[in-house]
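>>> one predicted model, sequence on top.
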Amino acid sequence: MSMIAAFYGGKSILITGATGFLGKVLMEKLFRTSPDLKVIYILVRPKAGQTLQQRVFQILNSKLFEKVKEVCPNVHEKIRAIYADLSQNDFAISKEDMQELLSCTNIIFHCAATVRFDDTLRHAVQLNVTATRQLLLMASQMPKLEAFIHISTAYSNCNLKHIDEVIYPCPVEPKKIIDSLEWLDDAIIEEIAPKLIRDWPNIYTYTKALGEMVVQQESRNLNIAIIRPSIVGATWQEPFPGWVDNINGPNGLIIAAGKGFLRALKATPKAVADLIPVDTVVNLMLAVGWYTAVHRPKSTLVYHSTSGNLNPCNWHKMGVQVLATFEKIPLERAFRRPYANFTSNNFTSQYWNAVSHRAPAIIYDCYLRLTGRKPRMTKVMNQILRTASMLEYFINRSWEWSTYNTEMLMSELSPEDQRVFNFDVRQLNWLEYIENYVLGVKKYLLKEDMAGIPEAKQHLKRLRNIHYLFNTALFLIVWRLLIARSQMARNVWFFIVSFCYKFLSYFRASSTLKV
Ligand SMILES: CCCCCCCCCCCCCCCCCCCCCCCC(=O)SCCNC(=O)CCNC(=O)[C@H](O)C(C)(C)COP(=O)(O)OP(=O)(O)OC[C@H]1O[C@@H](n2cnc3c(N)ncnc32)[C@H](O)[C@@H]1OP(=O)(O)O
Ligand SMILES: NC(=O)C1=CN([C@@H]2O[C@H](COP(=O)(O)OP(=O)(O)OC[C@H]3O[C@@H](n4cnc5c(N)ncnc54)[C@H](OP(=O)(O)O)[C@@H]3O)[C@@H](O)[C@H]2O)C=CC1
């Protein structure tokens, strides 16, 4: 019997960010392994015209929850969606709901955050810092609370090269920033933001670092742990391989590469691609929840959920495998054949951007114009290049994350728990994982049918022929122009033609002699 699964039985669990990528996989695993848990409270806001109930309904009826419904048929009754907006005072939670949360919650998983790299400082601080502080304050009023698990990111200290499982101080006190945002106006905030974030690459990682400091400062006598995942990718094993449902991180770039939009990337091929499957992160979260509640470590422990130091894979290996998978399982209606060119050189990267990205987009837009349609490819390409440039910082560097606490926890688990809540990334086979990942992007994110693969392959063959035709035509045109204008080109041409003629004459003469 799994001790961790048994621990969550009968518990009331509060999850923030349950509608997000990590949150959904966390709920799924909790229901599947501990169907006798009492209730999962989720803090949700209405979004995109959907009510809370509609959002929950959509999640529970998704492919991700198919297995859960077999194990826990009354899952609908065990989710309690509470209206909340984490950017508001008291999260805009009603008095009755707040009362219930305060008196019943046993475990908190705090996943909600804004993960946009380019968010405004005000909004990112509200979500990633102030909301964390507010939740800790709520936690301190929960008499039944056993553990508070805060999800941060391995990149919260990406201004360092070697990162230990400790909370690093930030140059400016989070409280000072929270206070000053109250009276500064938006224009001034945006002006001071670059000075505040110093050597952090974006507002997201900076505010996540502030969030950790807040956790340390406001921990009081709570049992708290921090988990720092690196780049969270599709599921490895559970509930099935390759599940993914948003375009964050590598996902959008994998699509852009598969559709042939993105054919070159400013990336350091040898840099470590520190991906971690989402189910591995969730297994660690549940193990940490159990360990923190049962063993009550004296201080706040930080756990790295990273792959680099245990089972490293680099961007080159990843790119090659992504492309190999697209050979077997192409995406539908590609713009060009998938191709990868990783370069860490600025000049070469600019060159490839011009030749492989902007030029084809302009040519295609001209074609659309000529055929009476609205041009759109340049806009799409600019968006992709903007996204790629935002991610550049992370694909051109390697970090070393120590994993002592994560490994210590692994050794504390019973063999059964090590199996059910496996977070040992050393067992991951990258080639298999990446293939399933790409397949998952196609199936679950793009919702493409596998029956369309032969047609997609045909389409790629047509694109290859167009590519060859285009290149041959371009070569002939350029050559013709050169010959017309340059004596040197004419001499070269004459030399090549006479060489070929002599070679053919010799070949013919020698074959006649043999006869
Ligand atoms: C040679 C080529 C490739 C070779 C093939 C092989 C591929 C090999 C693997 C792929 C390489 C992988 C590189 C991966 C790099 C990953 C680095 C991740 C770093 C993580 C660090 C920290 C991790 C975390 O802690 S949190 C999670 C990370 N957060 C994010 O990922 C959010 C990032 N996104 C943003 O901040 C914004 O979306 C932004 C700034 C990039 C764009 O903002 P903007 O306002 O301009 O646009 P949006 O409204 O958001 O979207 C507009 C439009 O763009 C589409 N889009 C959004 N994100 C992506 C994306 N990641 N990739 C592609 N497209 C994206 C979005 O769908 C919209 O499209 P519409 O059609 O207009 O709706
Ligand atoms: N994905 C990754 O690669 C990594 C993620 N992390 C961390 O993991 C955690 C989860 O990330 P992930 O699941 O990928 O992110 P998502 O963007 O998928 O999910 C974010 C969640 O936060 C919720 N949220 C955002 N703003 C509010 C608000 N004002 N009120 C209520 N809820 C809000 C979202 O709700 P809604 O659905 O309504 O928008 C959503 O449920 C974050 O803390 C992130 O920093 C760390 C490392 C890597």
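Okay, I see it. Residues are numbered from 1 along each chain as shown. Ligands and ions are numbered 1, 2, ... in the order given.

>>> so the residue nearest to residue 84 when sequence neighbours are not counted, which state does it fall into?
By the measure of CB to CB, 6 or more residues apart in numbering, the closest residue to residue 84 outside its immediate chain neighbours is residue 43, 3.7 Å from it. Quick note: C-beta positions are derived from backbone N, CA and C, even for glycine. What DSSP: H, G, I helix; E, B strand; the rest coil gives for residue 43 is strand.

>>> state the distance from residue 43 to ligand 2.
6 Å (CB to the nearest ligand atom, to the nearest Å).

>>> what's the local residue count around that residue?
27 (other CB atoms under 10 Å).

>>> contacting residues around it?
14-16, 18, 82, 84, 86, 91, 93, 112 (CB atoms under 8 Å, 6 or more residues apart in numbering).

>>> give me the subset of these that also touch ligand 1.
Among the contacts of residue 43, proximity to ligand 1 is found for none (CB under 6 Å from any ligand atom).

>>> who wins on neighbours among the residues you listed?
Result: residue 112 is most packed of these (other CB under 10 Å), 28 neighbours.

>>> residue 86 is in contact with that one, correct?
Yes: counting by CB atoms under 8 Å, residue 112 touches residue 86, with 5.4 Å between them.

>>> hey, what's in contact with both of the two?
16, 43, 127, 131.

>>> which residue is nearest the middle of the protein?
Taking CA atoms, centre = their mean, the centroid of the chain lies closest to residue 249, which sits 2.9 Å from it.

>>> dump the residue contacts of it.
Residue 249 makes contact with 231-233, 391 under the criterion CB under 8 Å, 6+ apart.

>>> what's the closest of the residues you listed to residue 436?
residue 233 (10.2 Å; CB to CB).

>>> burial count for the closest one?
27.

>>> how close does it get to residue 54?
Using CB to CB, to the nearest Å, residue 233 is found at 28 Å from residue 54.

>>> excluding chain neighbours, what is closest to the closest residue to ligand 1 within the chain?
For the chain and ligand 1, the shortest gap (CB to the nearest ligand atom) falls at residue 252, measuring 1.7 Å. Distances taken as CB to CB, 6+ apart place residue 387 nearest to residue 252, at 6.0 Å, with adjacent residues excluded.

>>> right, and that neighbour touches residue 251 too?
No: contact between residue 387 and residue 251 fails when scored by CB under 8 Å: they sit 10.8 Å apart.

>>> so for these two, which sits in the more crowded spot?
Each of residue 387 and residue 251 has its neighbours counted (other CB under 10 Å); residue 251 has more, 19 against 16.

>>> tell me which element residue 256 falls in.
Counting by DSSP states H and E, the element that carries residue 256 is helix 250-258.

>>> ok, residues contacting that helix?
For helix 250-258, contacts defined as CB under 8 Å, 6+ apart pick out 231, 233-234, 244, 247, 262-263, 265, 275, 322-323, 326, 330-331, 334, 338, 340, 384, 387-388, 391, 437-438, 441-442, 445-446.

>>> close to ligand 2, is that helix?
No: Helix 250-258 lies out of reach of ligand 2 by CB under 6 Å from any ligand atom, never closer than 8.7 Å.

>>> pLDDT score for the residue lying closest to residue 312 once chain neighbours are set aside?
The shortest distance from residue 312 to any non-neighbouring residue, by CB to CB, 6+ apart, is to residue 272 (5.1 Å). What the model reports as pLDDT for residue 272 is 98.

>>> residues of the stretch 351-500 of the chain that sit close to ligand 1?
383-384, 386-387, 390-391, 394-395.

>>> where's the residue of the chain closest to ligand 1 relative to residue 191, distance?
The gap separating residue 252 from residue 191 is 30 Å, by CB to CB.

>>> rewinding a little: give me the phi and psi angles of the residue nearest to residue 312.
Dihedral pair for residue 272: phi -70, psi 130, per degrees, to the nearest 10.

>>> next: the one 10 residues further on.
Backbone torsions for residue 282, taken as degrees, to the nearest 10, come to phi -60, psi -40.

>>> so it touches residue 23, yeah?
No: if you go by CB under 8 Å, residue 282 and residue 23 don't touch, sitting 9.5 Å apart.

>>> comparing the two, which residue is more hemmed in?
When neighbours are counted by other CB under 10 Å, residue 282 and residue 23 differ, and residue 282 comes out ahead with 28 against 22.

>>> state the distance from the more buried one to residue 15.
11 Å.

>>> overlap in contacts, the two.
In contact with both residue 282 and residue 15: residue 26, using CB under 8 Å, 6+ apart.
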